[in-house]
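Colleague: The following comprises the amino acid sequence and a computationally predicted model.
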Amino acid sequence: MRVGILGGGMQGCCCALALAERGVEVTLFDRNDQLLSRAAVANEGKIHLGYMYANDPSYSTARMMINGALTFAPFCARHLGVRAETLSVSFPAAYAVHCDSQRSVDQVSQYLAAVHRLIAEATDGRPNAYFGRDLSQKPRRWSLAEREAEFDCDIVPAVFESPEVAINPVALTQALRERIYSDRRIEVRLAHTVLSVKDIDHPVVISRDSGGTVRQRFDHVVNALWDGRLAVDETLGLRPDRPWLHRLKYGVSFYLPENAKKPPSATFVSGPLGEVVSYYDGLIYLTWYPTCLLGISKEIAPPEWPTYPDERLHADLPRATLEAMARFVLPLRDLDLEDLVDVTVKGGVIVAWGETDIYDPKSELHRRYEIGVTSSYQYHSVDPGKLTMAPYFAQLCADRILESGPQ
């Protein structure tokens, strides 16, 4: 059996590994000159346990993220041959309530406690599945003294610790690339732009490379494209019957100068969303929605937004983001942009169901549980929602294909 996988990002590569492990021959298409070169490397790498989604009172998003998070490290261990504790991860993230949050401190506290109970249920019998971390402790609220040492308390009225970590996306993608290229069951076709798919019960992938248009029939096709997924689905008449948004968000990464104090890893919730990700090796990642969100599209395919912005934006974004976040993250106030090392600005598309932005408390963007694998005969379209979910949905998709078999 041969399966065509569209998209060499995180989801596509995980699907390729999950299928190849079970003896399936895979052809992996990607329009770029390198696998995992766009959205996969342009995010904070957070492996969500569900704590972020306080605006989903059903806890459906939390349950979904817990499933993905508990699958992530074991998937990496099995396919990349690395133990969870050796992966390059961040300090655990604190959850900080911003003064403009859409949820009160008490509401956030109650939500975090409820998610912790869901995690305890899900980890019964596998307590160390999440990167070897102890998930038994309920998120503790920081004392005033702890908060005063790291944040402006007028802007950040409460902080709760959590075990959530981010995984360094650059290190992860490098390990995935090496593993993909070493697998004899996976054929990689770079610089191949997928134009369309025909015939869902005997699917044919139509792509274009430097030599022209190429047509190839597969037993199954997996659409694991990210910003191009909806457009290819539409070539089979599978247009969504609900609104969606493509959003372009950038982040800034750098290494601290010698002797600088590391800021805490922190997620700012349910309002002006942002992240500080502080890695053990000194790498810092910042993203702040008010300064880093630079594009929104409701089209079936978004514009060709660049992963790396132009020179002007590359100069402006680090300064604007650092200045904005230094208002309430105290260790950032001591940093001079000129002293930072290897300052990099990278952006990626966020694809999600919804019609209004996150500033609307009722926006569908606050929910990420209506995601996953949608199958139509031998064609499977995968919406991972978040990086966290890619291994989980890869395994589910592989199960579905093996159960169905060739036609």
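Modeller: That came in fine, so what should we check first?
Colleague: buried set for the host helix or strand of K346?
Modeller: Secondary structure from DSSP states H and E places K346 in strand 341-353. Within strand 341-353, the residues scored as buried using 16 or more other CB atoms under 10 Å are V343, T344, V345, K346, G347, G348, V349, I350, V351, A352, W353. In this view, the C-beta of every residue, glycine as well, is placed from N, C-alpha and C.
Colleague: Double-check the fourth one against V41; I have them as touching.
Modeller: Yes - shown here, K346 and V41 form a contact pair, counting by CB atoms under 8 Å, at 6.5 Å.
Colleague: Now the common contact residues for those two.
Modeller: T307 (CB atoms under 8 Å, 6 or more residues apart in numbering).
Colleague: for the strand holding K346, packing partners?
Modeller: Strand 341-353 sits against strand 244-255, helix 311-326, with contacts defined as 3 or more CB pairs under 8 Å, 6 or more residues apart in numbering; DSSP states H and E.
Colleague: and the longest one, how far out from the chain's middle?
Modeller: Between the mean C-alpha location of helix 311-326 and the chain-wide mean there is a distance of 22 Å, by CA atoms, centre = their mean, to the nearest Å.
Colleague: for it, what is the average pLDDT?
Modeller: Average pLDDT, helix 311-326: 94.
Colleague: What ranges does the stretch 151-300 of the chain have for its helices?
Modeller: Here the stretch 151-300 of the chain has its helices, by DSSP state H, counting those that start in this stretch, at 169-182, 229-234, 289-292.
Colleague: could you dump those helices to a markdown table with distance to L6?
Modeller: Output for these, formatted as a markdown table (distance: least, CB to CB, whole Å):
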| stretch | distance to L6 |
| --- | --- |
| helix 169-182 | 15 |
| helix 229-234 | 6 |
| helix 289-292 | 28 |
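Colleague: and of these, who's closest to E364?
Modeller: With CB to CB, the closest approach to E364 among these belongs to helix 229-234: 15.2 Å.
Colleague: how about the CA coordinates for that closest one, as CSV?
Modeller: What follows is helix 229-234, C-alpha atoms only, in CSV (Å, rounded to 0.1, in the frame of the first residue of the first chain):
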residue,chain,number,x,y,z
ARG,A,229,-5.3,22.5,3.5
LEU,A,230,-8.7,24.1,2.9
ALA,A,231,-7.9,25.0,-0.7
VAL,A,232,-6.9,21.5,-1.6
ASP,A,233,-10.0,20.1,0.2
GLU,A,234,-12.0,22.4,-2.0
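Colleague: List of residues touching it?
Modeller: Counting by CB under 8 Å, 6+ apart, 6-7, 194, 196-197, 223, 225, 239-240, 244, 300-301, 351, 381-383 sit against helix 229-234.
Colleague: buried set for it?
Modeller: R229, L230, A231, V232, D233.
Colleague: mind checking the SS state of V26?
Modeller: Assigned by DSSP: H, G, I helix; E, B strand; the rest coil, the conformation of V26 is strand.
Colleague: give the contact list for it.
Modeller: Each residue near V26 by CB under 8 Å, 6+ apart is listed here: R2, V3, G4, I5, A16, L19, A20, R185, I186, E187.
Colleague: Filter those down to the buried ones.
Modeller: By 16+ other CB under 10 Å, the contacts of V26 give R2, V3, G4, I5, A16, L19, A20, I186 as buried.
Colleague: Which members of these are positioned in strands?
Modeller: R2, V3, G4, I5, I186 (DSSP state E).
Colleague: Let me have these in TSV, extended by pLDDT.
Modeller: Shown next, in TSV, are those (pLDDT from 0 to 100):
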residue	pLDDT
R2	97
V3	98
G4	98
I5	98
I186	98
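Colleague: between these, which is nearest Y289?
Modeller: Once CB to CB is applied, the member of those that ends up nearest Y289 is I5, at 31.8 Å.
Colleague: Okay, the closest one and D241: tell me how far apart.
Modeller: 26 Å (CB to CB, to the nearest Å).
Colleague: Also R319?
Modeller: 43 Å.
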